[in-house]
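Asks: sequence below, structure please.
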Amino acid sequence: MINRKKKIILIQFVIFLVALTLLYNTYRDKNEVIKPLTKVDVDVETNVNRFNDVQYSGFDLNGNRYTLIAGKANFKTETPEAINMENVEANFYLKDDTILKVVSDKGLYNNISLDMKFKKNVKTTYLTNKMFSDRLNYLNSSGKLIATGNVRGESVEKGNFFADNAEYDLSSKMLNFSMFNKKRVNVKLKN
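Replies: Numbers count the residues shown, from 1 in each chain. Presented below is the predicted three-dimensional model:
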């Protein structure tokens with residue numbers, strides 16, 4: 001009987017020590033200032049939703065798969081289909097297993113019509129061809145990319161071109177050039 005009482009007292013003493021340790025650890029840093037882990041920026045525009053590291057993907061009306069990635073994005077609550085983006089990269093995976101890549105500083109994506117607009121430092125890459133422009137619009141309904149403003153292209157096999165406007169048809173893979181005034185399109189072909 002004495003042995004049993006000693007065991008009970010020992011167990012109660014261990015439980016008391018554990019409880020005392022828990023209480024001490026819980027309340028010992030009560031006056032310590034807690035530093036926030038993340039910085040929250042409060043937006044003064046209450047009708048704007050902002051996101052970081054956004055990715056959209058899907059299929060266009062021609063059956064080509066695409067991914068659209070942006071470092072920052074936002075949209076107004078009254079027009080949630082119009083997504084404004086920064087640091088944009090779009091990849092079009094065409095049916096012939098080639099990739100058309102578009103990179104720009106800014107962009108606009110309509111998540112209903114799937115149209116995309118790229119602005120500022122637009123660079124388009126397809127196979128060994130590169131095209132640079134001020135703006136590039138992807139019109140999903142017609143499957144066309146329309147580049148405007150200081151359009152210039154470089155091709156390893158075919159040469160260079162300079163134009164005001166270039167239109168690329170994704171299905172026929174035809175590139176058409178035009179100028180807004182009476183100047184001529186400047187094309188230098190390689191032999």
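Asks: all strands of this structure, in order?
Replies: 48-59, 65-76, 79-93, 99-110, 116-126, 129-139, 144-155, 159-169, 174-178, 186-189 (DSSP state E).
Asks: now tabulate the ones you listed in TSV and tack on mean neighbour count and mean pLDDT.
Replies: C-betas here are computed from N, CA, C, even on glycine. Converted to TSV, the strands of the chain look like this (neighbours: other CB atoms under 10 Å; pLDDT from 0 to 100):
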stretch	mean neighbour count	mean pLDDT
strand 48-59	12	84
strand 65-76	18	86
strand 79-93	18	86
strand 99-110	19	88
strand 116-126	20	88
strand 129-139	19	86
strand 144-155	19	82
strand 159-169	18	78
strand 174-178	14	73
strand 186-189	11	54
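Asks: of all those, which lies closest to residue 27?
Replies: With CB to CB as the criterion, residue 27 lies closest to strand 48-59 of those, at 38.1 Å.
Asks: which ones are touching the spatially most central residue of the chain?
Replies: For the chain, residue 70 is the residue whose C-alpha lies nearest the centre (CA atoms, centre = their mean; 1.8 Å). Residues in contact with residue 70 (CB atoms under 8 Å, 6 or more residues apart in numbering) are 53, 54, 55, 83, 85, 86, 87, 88, 89, 107.
Asks: and if you look at residue 17?
Replies: Applying CB under 8 Å, 6+ apart, no residues qualify as near residue 17.
Asks: would you mind measuring from it to residue 27?
Replies: 16 Å (CB to CB, to the nearest Å).
Asks: hmm, back to that, in terms of distance to residue 164, which of the contacts of residue 70 ranks first?
Replies: residue 107 (21.1 Å).
Asks: quick check: the closest one touching residue 121?
Replies: No: if you go by CB atoms under 8 Å, residue 107 and residue 121 don't touch, sitting 11.2 Å apart.
Asks: my guess is residue 104 contacts residue 116. True?
Replies: No: assessed by CB under 8 Å, residue 104 is found out of contact with residue 116, at 9.7 Å.
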